[in-house]
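K.L.:
compute the structure for the input listed below.
(chains A, B, C and D)
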Number of protein chains: 2
Amino acid sequence: MAAPSVRVTVDILAFAVHEGGLEILLVKRKYDPFKSSWALPGGFITEKDETLDAAAQRELVEETNVSNVYLEQLYSFGDKGRDPRGRVVTVSYLALLQEEELEIKASSDASGVAWWPVKELPALAFDHAAIIAYGLKRLKYKIEYTPAAFSLLPTKFTLRDLQIVYEAILGHEIDNRNFRKKFLGAGILRQLDETSQETSFRPARLYEFSEQDFEKLPDRPVFIF
Amino acid sequence: MAAPSVRVTVDILAFAVHEGGLEILLVKRKYDPFKSSWALPGGFITEKDETLDAAAQRELVEETNVSNVYLEQLYSFGDKGRDPRGRVVTVSYLALLQEEELEIKASSDASGVAWWPVKELPALAFDHAAIIAYGLKRLKYKIEYTPAAFSLLPTKFTLRDLQIVYEAILGHEIDNRNFRKKFLGAGILRQLDETSQETSFRPARLYEFSEQDFEKLPDRPVFIF
DNA sequence: TAGCCCATGCTCAACATGACGAGTTTGGTG
DNA sequence: CACCAAACTCGTCATGTTGAGCATGGGCTA
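P.N.:
Numbers count the residues shown, from 1 in each chain, chains lettered A, B, ... in the order given. Sure thing, here's the model as predicted:
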C-alpha cells in the first residue's frame, strides 16, 4: 500500500479589529523558503500534538502568548506545488483575538511579527494569500450566523463597539437603530450598570455577551445587516 | 526544523437518496487494520494527485466509476490515536450522487461496497462514525442554504422528488403547498413540457434546475422548511 | 447656553413565513 | 363510469422581520 511521505502543517488566521479596521497577524520568515517574506503563523505538527486543534493552539501561543481563544478549523490546502520543499498539506485555522489584550512576539523561526490591515497586505509566502481570502469569506459568514463577533471584543463592550466589528468585517455601514434593535431583541446581551469611558459625547452603556442565553434560544438568530 | 512523518488520506462521504431515505456508500475493508469492518471509501494521497480534490476524485472513481459529480472538502481529522498505524490525517470530502445512475464496484483493497441507510449504519472502522455524523450536519445545512439538493437528483425531476430529498435529509415532513410555493417562487426551476412516468394517479410535471438563473439572483434564497 | 454628536427609544408600512382549508385536475383502476 | 390518489391551484390569516422616519436623552465643548 503506497503511503507517500507528506508533511502536515497548521496555519493560523488570527484576526482582530483595530481602530475600525480588520487586521490579521503575520510573521516575517527567518529561513528559506520565502525567507524575509511575510506569512501566516504556523508550523509542522509534532509528535506531541494530540490533535490538529492542539497543534494550532500551540502555534498560536508561540506568537501571541494567549490561550483560551476562539479557534476553529477552516480548510485544508494541499496542492502539489504550494511548498517548494515537497508535498506539504496545511490545515488552516481561524482565530479571533482582541489586539489590545495581548502582546505579540516573534517565535524562534520568525524575524518579526505584526498586525496587518487586511486591506493592505504585503506580498505573502506560499499560497497564503489564497488562504487568507478564503478565511475572510468564512469570517463574514461566521459573524452573520454565529456569535463569533464577541470573540473579537473584550468582555464588556458597547453596542457601538459591536457594530464597528460588524462594519469592519462586512465592509459596509449599518443602520445604527436597526443594529441595536436586532441585538437587543436577540436576548443574548446582558446590560450592565456601567458606561464606557468619558468621550466628548454621551457615554454608551456596556453589555456582556451571555453564552448561556444564546444556547437556550430555540432557534439560532441571524445577524445579517 | 522538526517535520515528523505523517500520512494523509482522503475519505469520501458519498450520499444518495434512495426510496425516501438517505444512504451513504461504505466499503468493507479487505486488510488490517479493521479488516472486515465497514469504512468510508478513501485512501492515501499519492504522488500523482495534483491536489487534495484530485485525490478525492480519484478515490471516488475507484468505487463508483463516476466523475463530474458534486464533491466538496468538508473537514480534516487528525487525532493522534485515530489510526493504529501511526499518525494519519484524513481530509474528508462530501459527494452527492444519484444511486440509480451508477454502478458501484469494490476497489482492489476492499472486499465489498454497498449503500447503507444512514439510520442503520454498521459498526465502522477508525473514527468514521464521527466523520459521518459531522458530514450529516453539514449536509443538512448545505441543502438549506445552497442548491446542493439538485446534485442528488437526475437532470429532470418532479417537485415531489425534490421534496423527498429534503425530507430524507432533514428528517421531517414538509408541507407540500409551502414547499412548492417556495421553490416555484425562487425562480431557479425551469418547467418542462414533460411529465413523469405513468403512475396510478396523475403524472407530475418535470422540472430542471437552472444554474444560470440561480447565479443571477440578487440574494441567495434559503430553503428552510 | 447653544450646538454638536452620538445613544437610545418608538413607530409604522411593506414584506416574508408558516400553518392550514378548500377545491380542481388528471391519470389509472375496479 | 364512479372512485381513488396524488398533482396542482388558490387563498386566508396570524406572526414576525425589515428598513426607515421621527423624537428625545445625555454628555461634552465653545
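K.L.:
phi, psi for A:Ile169 please.
P.N.:
Note on A:Ile169: its backbone torsions stand at phi -80, psi -40 [degrees, to the nearest 10].
K.L.:
does it touch A:Leu22 like I think?
P.N.:
Yes. Applying Cβ atoms under 8 Å, one finds A:Ile169 in contact with A:Leu22, separated by 5.6 Å. C-beta: built from backbone N, CA, C; applies to glycine.
K.L.:
and chain A, which residues reach DNA strand C?
P.N.:
A:158-160, A:176-177, A:180-181, A:184, A:195, A:201-205 (Cβ under 7 Å from any atom of the strand).
K.L.:
can you tell me which of those are in strands?
P.N.:
Among those, DSSP state E puts A:Thr158, A:Thr195, A:Arg205 in strands.
K.L.:
what about the first one, neighbour count?
P.N.:
Spelled out, it's A:Thr158. A:Thr158 sits with 18 neighbouring residues when counted by other Cβ atoms under 10 Å in any protein chain shown.
K.L.:
tell me the bridge partners for it.
P.N.:
In this entry, A:Thr158 is beta-bridged to A:Leu206, by DSSP bridges.
K.L.:
touching, it and A:Ser196? I think so.
P.N.:
Yes. Between A:Thr158 and A:Ser196 a contact is recorded at 5.0 Å, counting by Cβ under 8 Å.
K.L.:
overlap of the contact sets of those two?
P.N.:
Residues within reach of A:Thr158 and of A:Ser196 at once, by Cβ atoms under 8 Å, 6 or more residues apart in numbering or on different chains, are A:Ala204, A:Arg205, A:Leu206.
K.L.:
tell me the helix or strand right after the longest strand along chain A.
P.N.:
In chain A, with assignment by DSSP E, the single longest strand is strand A:7-18. Scanning forward in sequence from strand A:7-18 by DSSP states H and E, the next helix or strand is strand A:21-29.
K.L.:
what sits up against the helix or strand following that following strand?
P.N.:
Remark: after strand A:21-29, the chain's next helix or strand is strand A:38-39, criterion DSSP H and E. With Cβ under 8 Å, 6+ apart as the test, strand A:38-39 has contacts from A:Leu26, A:Val27, A:Lys28, A:Arg29, A:Trp116, A:Leu121, A:Pro122, A:Ala123, A:Leu124, A:Ala125, A:Phe126, A:His128.
K.L.:
could you rerun that using 10 Å?
P.N.:
By Cβ atoms under 10 Å, 6 or more residues apart in numbering or on different chains, the residues outside strand A:38-39 that reach it are A:11, A:26-29, A:33, A:110, A:112-114, A:116, A:121-126, A:128, A:131.
K.L.:
run the contact check for the longest helix along chain A versus chain B.
P.N.:
What stands out as the longest helix in chain A, according to DSSP state H, is helix A:128-145. Yes. Residues of helix A:128-145 contacting chain B under Cβ under 10 Å from any Cβ of the partner chain: A:Tyr141, A:Tyr145.
K.L.:
cool, and stretch A:80-87?
P.N.:
Yes. Residues of stretch A:80-87 contacting chain B under Cβ under 10 Å from any Cβ: A:Lys80, A:Gly81, A:Arg82, A:Arg85, A:Gly86, A:Arg87.
K.L.:
return the set of buried residues in stretch A:175-190.
P.N.:
A:Phe179, A:Lys182, A:Phe183, A:Ile188, A:Leu189 (16 or more other Cβ atoms under 10 Å in any protein chain shown).
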